[in-house]
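>>> The following comprises the amino acid sequence and a computationally predicted model.
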Amino acid sequence: MSDIWIDVGSVDDLNDDEPLSVVVGPHRIGVYRHRDRHYALANVCPHAFAILTDGFYDDGVIECPLHQASFDVATGKRLGGPAPSDLACYPLRRDGDRLLVRLPENG
């Protein structure tokens, strides 16, 4: 089984306090920049299914706009609030000024 790399935008589309919201097939992905590194995570809160990029993002922490569940952008780990689980993380690489997220071939 091979993986599929999807172009999700330019590094110039991101700054440290404004993530990108990307939809690729069934995947809703939030792309973040924190301290000059880039991260891609599931963009739906596992608690009440809110879009996380509509919430608050500050200093590497994502906060859900509905019930304030919070997550670490570098690991997807739940930091607090009512969310029952961590966020899925997607491998991300930079190719020139483009950001590419890896999705499983079957997904």
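The structure has been received and is ready for your questions. Residues are numbered from 1 along each chain as shown.

>>> pLDDT on stretch 13-25, on average?
Averaged over stretch 13-25, pLDDT sits at 88.

>>> now stretch 93-105
The model assigns stretch 93-105 a mean pLDDT of 91.

>>> where's that stretch relative to the chain centroid, distance-wise?
13 Å (Cα atoms, centre = their mean, to the nearest Å).

>>> and it, how far apart are its ends?
End-to-end span of stretch 93-105 (Cα to Cα, to the nearest Å): 17 Å.

>>> List the buried residues for it?
Using 16 or more other Cβ atoms under 10 Å as the test for burial, stretch 93-105 gives Leu99, Leu100, Val101, Leu103. C-beta coordinates here come from the backbone N, C-alpha and C atoms, glycine included.

>>> The third one contacts Asp3, doesn't it?
No: contact status for Val101 versus Asp3: not in contact, 10.1 Å apart, counting by Cβ atoms under 8 Å.

>>> Strands along the chain, start to end?
Using DSSP state E, the strands found in the chain span residues 3-10, 20-24, 27-34, 37-42, 56-58, 61-63, 70-72, 78-80, 89-90, 92-95, 98-104.

>>> any chance of these in JSON lines, plus distance to Phe49?
Shown next, in JSON lines, are the strands of the chain (distance: least, Cβ to Cβ, whole Å):
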{"stretch": "strand 3-10", "distance to Phe49": "21"}
{"stretch": "strand 20-24", "distance to Phe49": "14"}
{"stretch": "strand 27-34", "distance to Phe49": "10"}
{"stretch": "strand 37-42", "distance to Phe49": "11"}
{"stretch": "strand 56-58", "distance to Phe49": "17"}
{"stretch": "strand 61-63", "distance to Phe49": "15"}
{"stretch": "strand 70-72", "distance to Phe49": "14"}
{"stretch": "strand 78-80", "distance to Phe49": "15"}
{"stretch": "strand 89-90", "distance to Phe49": "18"}
{"stretch": "strand 92-95", "distance to Phe49": "23"}
{"stretch": "strand 98-104", "distance to Phe49": "20"}
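
>>> Surely Glu63 is in contact with Tyr57?
Yes: taking Cβ under 8 Å as the contact criterion, Glu63 and Tyr57 are neighbours in contact, 7.4 Å apart.
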